[in-house]
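Trainee: Sequence unavailable; structure follows:
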């Protein structure tokens with residue numbers, strides 16, 4: 001069978017040209033931050049307990065470093081999805097992040113400046129000819145301070161070919177015994193307790209060496225309910241939660257038939273918002289409806305790539321503590337979180353040193369796997385830690 005060529009030529013018309021900015025409608029509230037932490041399964045008290053946060057170095061409730069994607073109107077993927085690719089669908093392929101020391105507080109207003117970066121077409125076992133497209137996001141607060149830069153990777157492919165290539169995963173969720181679920185909760189709490197034990201204290205650079213392992217973090221079992229909770233924590237999924245784009249056309253991008261929809265249409269949102277919020281109609285509904293997941297080549301309901309990236313950032317940031325600072329993280333997504341599965345996160349310190357700016361850092365290598373040992377994501381990163389002399 002001759003596989004068709006994926007026509008990506010239209011993308012060339014958009015590379016390097018700024019898009020419409022993403023803008024939230026009102027200043028952020030503490031409940032926006034709490035909702036995000038809860039939806040992302042991240043019980044770090046800095047992000048939901050005001051009394052605790054007031055005693056921290058920040059003096060107030062702050063958002064996780066992962067929070068900027070909650071303020072965007074497309075998970076940070078918008079500049080990686082420009083240009084029409086006929087008969088295509090999209091999943092997330094990875095994110096690279098660079099962070100500043102600036103943090104997000106209640107009352108802040110976040111703006112995202114977006115610029116499409118590049119793309120390449122490769123042949124994959126998943127869907128034959130596949131486009132790996134990247135775009136940059138620059139997140140600023142109301143003072144013009146750069147918070148972070150995100151380079152997002154989108155995977156755009158022909159869903160018909162993905163269905164033909166097939167997926168070896170079962171369409172049925174794995175079953176967990178009551179005993180196994182209790183053991184999972186105990187394992188999850190070990191990582192949570194690690195954050196509680198550190199509290200407002202410092203994790204010192206001096207105390208860690210190459211080869212040291214970070215504590216394991218577990219999330220799951222994932223479910224339609226957990227994915228729905230995640231989806232609603234992104235502000236753009238809330239009716240009139242952000243200023244909508246006027247240049248977004250799903251059909252023009254190449255989404256077809258039942259997966260095109262009118263997601264985020266600013267006119268239809270005022271008339272019938274359930275057709276536009278992404279949960280029920282359009283390209284995003286494959287996450288929450290197994291029928292539509294199979295339609296685009298997935299075996300059952302599956303999680304959001306941006307959430308997977310958030311779990312990685314929160315894992316590393318939670319270990320670093322409030323005196324640590326993520327400097328850079330580069331993550332690659334290998335497979336989605338499927339309903340019924342769990343996500344197991346581990347990392348190892350691979351290097352330590354002092355960079356050109358005089359920051360003492362540890363470099364880490366991260367992996368996320370399912371309970372079956374299937375790799376879901378990999379990442380590398382650098383984390384600044386204080387020294388005992390500071």
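Mentor: Now that the structure is in, tell me what you want to look at. Every value quoted in this text rests on a predicted model; they were computed, and no experiment measured them. Numbering: from 1, shown residues only.
Trainee: residues contacting the residue nearest to residue 86 when sequence neighbours are not counted?
Mentor: The spatially closest residue to residue 86, leaving aside those adjacent along the chain, is residue 254, at 5.1 Å (CB to CB, 6 or more residues apart in numbering). The way it works is simple: take the backbone N, C-alpha and C, and place the C-beta from them, glycine included. Going by CB atoms under 8 Å, 6 or more residues apart in numbering, residue 254 touches 84, 85, 86, 87, 88, 156.
Trainee: in what helix or strand does residue 118 lie?
Mentor: strand 111-124 (DSSP states H and E).
Trainee: And the following helix or strand past that strand, what does it pack against?
Mentor: Once strand 111-124 ends, the next helix or strand along the chain (criterion: DSSP H and E) is strand 128-140. If contacts are counted by 3 or more CB pairs under 8 Å, 6 or more residues apart in numbering; DSSP states H and E, strand 128-140 sits against helix 68-71, strand 111-124, strand 146-157, helix 159-165.
Trainee: Can you tell me what sits against the longest one?
Mentor: Outside of strand 111-124, the residues that reach it under the criterion CB under 8 Å, 6+ apart are 6, 8, 11, 14-23, 68, 71-72, 76, 78-80, 82-83, 129-142, 151, 157.
Trainee: Any chance of a PyMOL selection covering the buried ones in these?
Mentor: Of the contacts of strand 111-124, the buried ones go into a single PyMOL selection, burial set by 16 or more other CB atoms under 10 Å:
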select buried, resi 6+8+11+14+15+19+20+22+68+71+72+76+78+79+80+82+83+129+130+131+132+133+134+135+136+137+138+139+140+141+151+157
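Trainee: Could you measure from residue 252 over to residue 119?
Mentor: Using CB to CB, to the nearest Å, residue 252 is found at 17 Å from residue 119.
Trainee: who's more crowded, these two?
Mentor: Neighbours per residue (other CB atoms under 10 Å) separate residue 252 from residue 119, with residue 119 holding more: 22 against 12.
Trainee: re the thing from before, and the helices and strands packed on strand 128-140, which is most packed in?
Mentor: With neighbours taken as mean count of other CB atoms under 10 Å, these reach their highest mean count in helix 68-71, at a mean of 27.
Trainee: Identify all contacting residues around that one.
Mentor: Outside helix 68-71, the residues that touch it by CB under 8 Å, 6+ apart are 22, 24, 28, 32, 36, 75-76, 104, 110, 112, 137, 139, 147-148, 150, 233-235, 242, 306, 309-310.
Trainee: Please apply the same query to stretch 215-231.
Mentor: Under CB under 8 Å, 6+ apart, the answer for stretch 215-231 is 38-41, 173-174, 176, 181, 184, 187-188, 190-191, 194, 237, 278-279, 284, 287-288, 301-304, 307, 311, 315, 318-319, 337-346.
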